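**Q** model the following, please.
(one chain, ligands or ions: 1)
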Amino acid sequence: MDAKYSGRFAPSPTGPLHLGSLITAVASYLDARASGGSWRLRIDDIDPPRHDQTSFESIPSCLQAHGLTWDGDVIRQSLRRSTHDQYLKELEHQGLTFTCVCTRTSLGSLGQCEADCSSRRHRTGSIRFKVPDNLPNTLDDLILGSRVTPRLPANFVIRRRDGLIAYQLATAVDDLDELYTHVIRGADLLESGYRQMAIQSALGRQSPRYGHIPILYDQQGNKLSKQTGAAPVDIQTPDQNLKFALRFLNQSTALSDTSSVRDILEHAIDHWNPKAIAPPGV
Ligand SMILES: [Zn+2]
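**A** Next up, the predicted model:
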């Protein structure tokens with residue numbers, strides 16, 4: 001029998017949630033609750049220069065306004081540095097890392113480094129993960145179905161030149177260490193899945209099941225994000241926002257206009273159908 005379902009929503013604190021990120025939260029929440037599982041909130045705050053301090057409060061309160069209550073305390077990824085370092089050491093001991101002194105210019109457009117850029121003289125630089133040759137190029141996605149990546153990742157940075165742990169390592173490690181069985185997130189992270197599975201496999205551990213949901217684009221065809229000026233979710237209209245998210249996810253919203261947030265979520269949990277989210281071929 002499978003381990004009990006354990007899922008999470010892990011936004012970066014780069015600003016208030018916009019509709020795209022709310023949709024991800026709704027999908028991961030419903031998938032967890034419909035499976036009788038737990039759902040955690042982890043703030044992925046490992047990149048301080050990009051942080052917007054107000055989002056440490058606005059993200060949890062936005063989720064609460066939408067009835068998306070999480071289990072346990074909010075996890076802050078930045079407080080887990082010692083765990084990240086411990087796993088980084090484990091990868092180093094296995095000879096799966098190297099120091100890279102390449103600059104953006106010297107790397108060129110593909111950003112590839114083949115481990116011959118540095119010598120023992122170099123003590124500073126980023127640390128890259130040596131991607132094994134036999135990395136599987138398929139990912140059995142819970143929502144998108146079986147996916148084959150056109151290009152496996154090149155050796156990628158796991159500790160940045162400025163000493164910060166890179167997103168790929170922190171997320172791969174935390175998802176293992178916090179024992180999630182399922183990770184539901186936006187399809188813009190699909191390619192990251194191959195990197196994170198590579199790290200998890202190198203650590204000798206089984207990856208969570210991944211499910212990537214389609215991205216919400218604005219009228220100009222840009223993914224909603226703070227950078228493209230996406231508006232914050234209006235927490236005065238949580239019922240309408242939830243219905244919008246459910247329609248986007250092709251879920252049943254057969255409820256009256258006056259339904260409460262709680263009614264909408266209960267109906268959505270009862271009728272949750274992840275197979276309806278993305279038709280084959282998306
Ligand atoms: Zn290099």
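**Q** dig out what the most centrally placed residue in the chain forms beta bridges with.
**A** Central residue of the chain (C-alpha atoms, centre = their mean): Arg185, 5.3 Å from the mean position. When bridges are called by DSSP bridges, Arg185 pairs up with His212.
**Q** in this structure it contacts His212, no?
**A** Yes - the pair Arg185 and His212 qualifies as a contact (C-beta atoms under 8 Å) at a distance of 6.3 Å. For glycine as for every other residue, the C-beta is placed from the backbone atoms N, C-alpha and C.
**Q** so who does the residue nearest to the centre of the chain touch?
**A** Ala10, Thr24, Ser28, Tyr210, Gly211, His212, Ile213 (C-beta atoms under 8 Å, 6 or more residues apart in numbering).
**Q** now Arg76. Its backbone dihedrals?
**A** Note on Arg76: backbone dihedrals following degrees, to the nearest 10 are phi -110, psi 120.
**Q** burial count for it?
**A** If you count neighbours by other C-beta atoms under 10 Å, Arg76 ends up with 14.
**Q** please apply the same query to Arg205.
**A** Neighbour count of Arg205, defined by other C-beta under 10 Å: 15.
**Q** state the distance from it to Ala276.
**A** 31 Å (C-beta to C-beta, to the nearest Å).
**Q** then Thr24?
**A** For Thr24 relative to Ala276 (C-beta to C-beta), the value is 16 Å.
**Q** likewise Lys223?
**A** To Ala276, Lys223 is 22 Å away according to C-beta to C-beta.
**Q** more neighbours: which of Thr24 and Ala276?
**A** Thr24 (25 against 13).
**Q** ok, the more buried one - contacts?
**A** Counting by C-beta under 8 Å, 6+ apart, Thr24 has contacts Phe9, Ile184, Arg185, Gly186, Ile213.
**Q** ok, is the helix or strand bottoming out on mean pLDDT in the chain in contact with the ion or not?
**A** The weakest-scoring helix or strand in the chain, judged by mean pLDDT, DSSP states H and E, is helix 104-107 (a mean of 76). No - judged by C-beta under 5 Å from the ion, helix 104-107 stays clear of the ion, getting no closer than 6.9 Å.
**Q** ok, residues contacting that helix?
**A** So helix 104-107 is in contact with Cys113, Cys117, going by C-beta under 8 Å, 6+ apart.
**Q** what does stretch 198-210 give?
**A** Applying C-beta under 8 Å, 6+ apart, the external contacts of stretch 198-210 come out as 87, 90-91, 94, 96, 129, 131-132, 135, 139-142, 153, 158, 168-169, 172-173, 175-176, 180-185, 193, 196-197.
**Q** over to stretch 45-58?
**A** By C-beta under 8 Å, 6+ apart, stretch 45-58 touches 11-17, 43, 76-78, 164-165, 167, 170, 226, 232.
**Q** in stretch 244-258, what's buried?
**A** Phe244, Ala245, Leu246, Phe248, Leu249, Gln251, Thr253, Leu255 (16 or more other C-beta atoms under 10 Å).
**Q** which of the residues you listed fall within strands?
**A** If you go by DSSP state E, the buried residues of stretch 244-258 have nothing in strands.
**Q** among the residues you listed, which are in helices?
**A** Residues of those located in helices (DSSP state H): Phe244, Ala245, Leu246, Phe248.
**Q** quick one: average confidence on the regular element (helix or strand) spanning Leu30?
**A** Using DSSP states H and E, Leu30 sits in helix 19-34. Per-residue pLDDT values across helix 19-34 average out to 97.
**Q** which parts of that helix are buried?
**A** Across helix 19-34, burial judged by 16+ other C-beta under 10 Å covers 19-34.
**Q** same check on stretch 70-83?
**A** Buried residues in stretch 70-83 (16+ other C-beta under 10 Å): Trp70, Ile75, Gln77, Ser78, Arg80, Thr83.
**Q** where along the stretch 51-200 of the chain do the strands fall?
**A** Here the stretch 51-200 of the chain has its strands, by DSSP state E, counting those that start in this stretch, at 75-76, 97-100, 126-129, 138-141, 145-148, 156-159, 182-186.
**Q** now do the last one: distance to the chain's middle.
**A** Spelled out, it's strand 182-186. 6 Å (C-alpha atoms, centre = their mean, to the nearest Å).
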